[in-house]
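> 3D, please:
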Amino acid sequence: MPSLSITAPPPCDVAPEIWPFATLTVDHDAIAHNVGVLRAVAGVPVLAVVKADGFGLGMARVARTALRAGAGALGVATVDEALRLRASGVTARLLAWLSDPHSDLGAAIRLGVELGCPSERMLEEIAARARVVGITARVHLEVDTGLSRGGADAADWAALCRLAAEHERFGTLRVVGVWSHLARANEPHPSATASAVDAFRSAVTVATAAGLTPDVLHLASSGAALAHPETRFSLVRCGQALFGVQPVDGERFDLRPALRLTSRIVQLRRVPAGTPVSYGGDYRTAAETVLALVPLGYADGIPRSAGDTGEVSIRGHRCRVVGRVSMDQLIVDAGPVGRDVREGDDVVVIGDPALGEPGLDEWAHWAGTIPQEVMTGFGSRVIREHRGAVRVA
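Reported below is the predicted structural model:
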């Protein structure tokens, strides 16, 4: 291996510009493109899922971009998220599917938030709050079709539908949707969703027999919207695909990555072979090399489990993360950059695989998790920067 040297940046006679240690750049043009792909493939309206602060990228801004790109509705998990969206000025059709009697159901009903309902108990709570505020609640009844998470099971579904029809007659609520969630939408073979589709169709039949006339029927998530035509019904709920995450195992769709995480080198150190690196000293350098210190750690969303496996890009070269990831810092073997590496150099942590940069799915693989967990883990020290012609501030 050729000898490596470390070149210090020239001295500065004026105060440098102030830059954050880490920037998460959100590409709103990519989000808009992905909405267009989902609309074209699914052939039915798209409900853009912007829960968990827009998967960590900024809920209100992502929501506005999705709507401008043609999404027909928005979805969040909790009532609190829905209320924050309304407070930001978003007036579009909005569904919140996770609540309990301690949620602010009255405020949601007043603001036109549609509520998911999995049980008779919650239906009674929603109806009671609707009577108090004097506004008919808009409800999506949820049936379990195999996920065994939320929703009424087959034994309770008919009773839930009959109770909902009774409340409709009194004007306290209106069932505007029937929905469920798929357990295996990421699997490409049709058999992965067949039983859930059959169960959902049976549930719709029961709801109709009870006298309910929902406006929308929705079962498909991102993967199903793209790969399972039989699941699309009258609306598809898409989250991960908005951001360019490929939602079906082994399949690639025309989705563009919507985020880019960058940092910089704050210190360089030339070390000999056999140097222990980071806590525990489990990793030792195999040869003389240069170690680069990057001010990002697990508090910022870098998975600790990706130590010794993750990679970053420096000057267009892949460089490996070595040693254990710390709370605030990680260490990179910058040897592949050779003599050109400098303190202050940009470090692309998550970028565009088409450019040879590490992708979000790679980081998920290195950490033994899924891209959505990596996305939603970015900490508050990571500054969000929004770019794109369709962005609304």
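
> Leaving out the residues flanking it, which one is nearest to residue 345?
For residue 345, ignoring the flanking residues on the chain, the nearest one in space by C-beta to C-beta, 6 or more residues apart in numbering is residue 265 at 4.9 Å. Just so you know, the C-beta spots here come from the backbone N, C-alpha and C atoms, and that holds for glycine as well.

> Repeat that for residue 179.
residue 218 (4.6 Å).

> Where is the longest helix in the protein?
helix 191-209 (DSSP state H).

> Output it in PDB with nothing but the alpha carbons.
Coordinates of each C-alpha in helix 191-209 appear next as PDB, following Å, rounded to 0.1, in the frame of the first residue of the first chain:
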ATOM      1  CA  SER A 191     -50.500 -15.800  -3.400                       C
ATOM      2  CA  ALA A 192     -49.000 -13.400  -0.800                       C
ATOM      3  CA  THR A 193     -52.200 -11.300  -0.900                       C
ATOM      4  CA  ALA A 194     -54.900 -13.700  -2.200                       C
ATOM      5  CA  SER A 195     -56.400 -14.700   1.100                       C
ATOM      6  CA  ALA A 196     -56.400 -11.100   2.400                       C
ATOM      7  CA  VAL A 197     -58.200 -10.000  -0.800                       C
ATOM      8  CA  ASP A 198     -60.800 -12.700  -0.400                       C
ATOM      9  CA  ALA A 199     -61.300 -11.800   3.300                       C
ATOM     10  CA  PHE A 200     -61.700  -8.100   2.400                       C
ATOM     11  CA  ARG A 201     -64.200  -8.800  -0.300                       C
ATOM     12  CA  SER A 202     -66.300 -10.800   2.100                       C
ATOM     13  CA  ALA A 203     -66.100  -8.000   4.700                       C
ATOM     14  CA  VAL A 204     -67.300  -5.500   2.100                       C
ATOM     15  CA  THR A 205     -70.200  -7.800   1.300                       C
ATOM     16  CA  VAL A 206     -71.200  -7.900   5.000                       C
ATOM     17  CA  ALA A 207     -70.900  -4.100   5.300                       C
ATOM     18  CA  THR A 208     -73.100  -3.600   2.300                       C
ATOM     19  CA  ALA A 209     -75.700  -6.100   3.600                       C
END
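
> which other residues reach it?
Residues outside helix 191-209 that contact it (C-beta atoms under 8 Å, 6 or more residues apart in numbering): 141, 143, 145-146, 154, 157-158, 161, 175, 178, 180, 182-185, 187, 214, 217, 219, 224, 228, 230-231, 233.

> Quick one: mean pLDDT for that helix?
Averaged across helix 191-209, the pLDDT comes to 98.

> how about it: buried residues?
192-193, 196-197, 199-200, 203-204, 206-207 (16 or more other C-beta atoms under 10 Å).

> buried set for the helix or strand following it?
Helices and strands here follow DSSP states H and E; after helix 191-209, the next one along the chain is strand 216-220. Applying a neighbour-count criterion of 16+ other C-beta under 10 Å, one finds 216-220 buried in strand 216-220.

> Is it possible to get a markdown table of those residues that adds pLDDT?
As requested, these are exported to a markdown table (pLDDT from 0 to 100):
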| residue | pLDDT |
| --- | --- |
| 216 | 98 |
| 217 | 98 |
| 218 | 98 |
| 219 | 98 |
| 220 | 98 |
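
> Reformat the residues you listed into a markdown table and put distance to residue 68 next to each item.
Below are those laid out as a markdown table (distance: C-beta to C-beta, whole Å):
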| residue | distance to residue 68 |
| --- | --- |
| 216 | 21 |
| 217 | 26 |
| 218 | 22 |
| 219 | 26 |
| 220 | 22 |
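
> do you know how far residue 336 is from residue 273?
Distance of residue 336 to residue 273, given as C-beta to C-beta, to the nearest Å: 16 Å.

> ditto for residue 219
Per C-beta to C-beta, residue 219 is found 57 Å from residue 273.

> again, but for residue 172
From residue 172 over to residue 273 the distance is 75 Å, taken as C-beta to C-beta.

> Looking at these two, which is more packed in?
Between residue 172 and residue 273, counted using other C-beta atoms under 10 Å, residue 172 has the larger neighbour count: 22 against 11.

> Just want the phi and psi numbers for the spatially closest residue to residue 323 that is not a sequence neighbour.
Ranked by C-beta to C-beta, 6+ apart and with sequence neighbours excluded, the top spatial neighbour of residue 323 is residue 278, at 2.8 Å. With angles defined as degrees, to the nearest 10, residue 278 sits at phi 70, psi -180.

> If I look at residue 278, what pLDDT would I see?
If you check residue 278, the pLDDT there is 97.

> got a list of what it touches?
307, 322-326, 331.

> now do residue 345
Contacts of residue 345 were listed using C-beta under 8 Å, 6+ apart, and they are 264-265, 292, 314-315, 337.

> Out of those residues, flag the one nearest to residue 96.
residue 264 (39.4 Å; C-beta to C-beta).

> Report the beta-bridge partner residues of the closest one.
For residue 264, the beta-bridge partners under DSSP bridges are residue 346.

> So what's the residue count around residue 149?
Count around residue 149 with other C-beta under 10 Å applied: 10.

> that older thread, my guess is the residue nearest to residue 179 contacts residue 234. True?
Yes. With contact defined as C-beta atoms under 8 Å, residue 218 reaches residue 234; the gap is 6.9 Å.

> shared neighbours, the two?
Residues touching both residue 218 and residue 234 (C-beta under 8 Å, 6+ apart): none.

> Where do the strands of the stretch 151-300 of the chain begin and end?
173-179, 216-220, 235-238, 259-264, 267-271, 276-277, 283-284, 289-294 (DSSP state E, counting those that start in this stretch).

> JSON lines for the ones you listed, including distance to residue 126?
JSON lines is the format used below for the strands of the stretch 151-300 of the chain (distance: least, C-beta to C-beta, whole Å):
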{"stretch": "strand 173-179", "distance to residue 126": "6"}
{"stretch": "strand 216-220", "distance to residue 126": "18"}
{"stretch": "strand 235-238", "distance to residue 126": "20"}
{"stretch": "strand 259-264", "distance to residue 126": "36"}
{"stretch": "strand 267-271", "distance to residue 126": "56"}
{"stretch": "strand 276-277", "distance to residue 126": "56"}
{"stretch": "strand 283-284", "distance to residue 126": "55"}
{"stretch": "strand 289-294", "distance to residue 126": "49"}
